[in-house]
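Enquirer: whatever this is, show me its structure:
(one chain, ligands or ions: 1)
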Amino acid sequence: MATLRLGDTAPDFEQESSLGKIKFHEFLGDSWGVLFSHPADFTPVCTTELGYTAILSGEFAKRGAKVIAVSVDGKQSHIDWIKDINDTQKTDVQYPILADEDRKVATLYDMIHPNASTTATVRSVFVIDPNKKIRLILTYPASTGRNFDEILRALDSLQLTDNYSVATPVNWKQGEDVIIAPSIKDPAVLKEKFPKGYTEIRPYLRITPQPDL
Ligand code: BEZ
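Expert: Numbering: from 1, shown residues only. Below is the predicted model of the structure:
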């Protein structure tokens, strides 16, 4: 199995889930996707992560993104655990959790790192665009819960930079100034693309207001 890299097509699969059988590419449709693995059901960090992701479900929907979780536990375990997540995290998990008992998805996406654990999936995140291309990959260890606000922030950056000739600077958040792509040098093009103007700090570092606001 080759390592997955940015720009690769996200492997398709069919797998059981808490909501029944899922054909991954069909499930994604024309949406963005966030596929994230967790080590095991009924564990504390995972419970907080999956609960918070459910709390953010409106934010993912606003960005046209579907979320889907995966672990190597079974469907009934997921269904029982979701009740606990909802109860303890005061939320309502509506997104599917893949029941990857045969490790089909974990293997396709290289989510088991044998030197960390031979059985449990690490905390991986794959952000997939509407063309089914992998656009972002994160890998965290079991003991470190992820920051799902960061995943929303990265989605905002991906969607903005896909549509405008800009990049987003360190710690950028929705609404803040962005960086003009260094490849754009023609003054006429700069004027047309950035009618709000820009500040040139260095020839390679030009700051402009977020263009879609
Ligand atoms: C947790 O989710 O709390 C967890 C899972 C596996 C190992 C360590 C922590």
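
Enquirer: toward the C-terminus from the worst-scoring helix or strand of the chain on mean pLDDT, list the very next helix or strand.
Expert: The least trusted helix or strand in the chain, going by mean pLDDT, DSSP states H and E, turns out to be helix 187-193, with a mean of 95. Scanning forward in sequence from helix 187-193 by DSSP states H and E, the next helix or strand is strand 199-202.

Enquirer: contacts only, for residue 201.
Expert: residue 207 (C-beta atoms under 8 Å, 6 or more residues apart in numbering). (Each C-beta comes from the backbone N, C-alpha and C, glycine too.)

Enquirer: what about 10 Å?
Expert: 179, 207 (C-beta atoms under 10 Å, 6 or more residues apart in numbering).

Enquirer: could you measure from it over to the ligand?
Expert: Per C-beta to the nearest ligand atom, to the nearest Å, residue 201 is found 43 Å from the ligand.

Enquirer: next, find the distance separating that residue from residue 152.
Expert: Residue 201 sits 28 Å away from residue 152, going by C-beta to C-beta, to the nearest Å.

Enquirer: ok so, going back, and the least confident helix or strand of the chain, what's buried?
Expert: Of the residues in helix 187-193, 190, 193 count as buried by neighbour count, 16 or more other C-beta atoms under 10 Å.

Enquirer: pull the CA atoms of that helix into CSV?
Expert: Provided in CSV are the C-alpha atoms of helix 187-193 (Å, rounded to 0.1, in the frame of the first residue of the first chain):
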residue,chain,number,x,y,z
PRO,A,187,-0.1,45.7,-12.0
ALA,A,188,-3.2,45.4,-14.2
VAL,A,189,-4.0,41.9,-12.9
LEU,A,190,-3.3,43.0,-9.3
LYS,A,191,-5.8,45.9,-9.8
GLU,A,192,-8.4,43.7,-11.3
LYS,A,193,-8.1,40.9,-8.8
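
Enquirer: list the helices and strands it packs on?
Expert: strand 205-208 (3 or more C-beta pairs under 10 Å, 6 or more residues apart in numbering; DSSP states H and E).

Enquirer: check which strands are paired with the helix or strand where residue 36 lies and give the direction for each one.
Expert: Element membership of residue 36, judged by DSSP H and E, is strand 32-37. Sheet pairing of strand 32-37 (DSSP bridges) gives strand 65-71 (parallel), strand 123-128 (antiparallel).

Enquirer: how about that strand and the ligand, any contact?
Expert: No. Contact of strand 32-37 with the ligand is not found when judged by C-beta under 6 Å from any ligand atom; the minimum separation is 11.3 Å.

Enquirer: for that strand, buried residues please.
Expert: So strand 32-37, judged by 16+ other C-beta under 10 Å, has buried residues 32, 33, 34, 35, 36, 37.

Enquirer: give me the beta-bridge partners of the last one?
Expert: Counting by DSSP bridges, residue 37 is bridged to residue 70.

Enquirer: that one and residue 57, how far apart?
Expert: 18 Å.

Enquirer: okay, now the domains of this structure?
Expert: For the chain, automatic domain parsing gives the domain ranges 14-145, 164-208.
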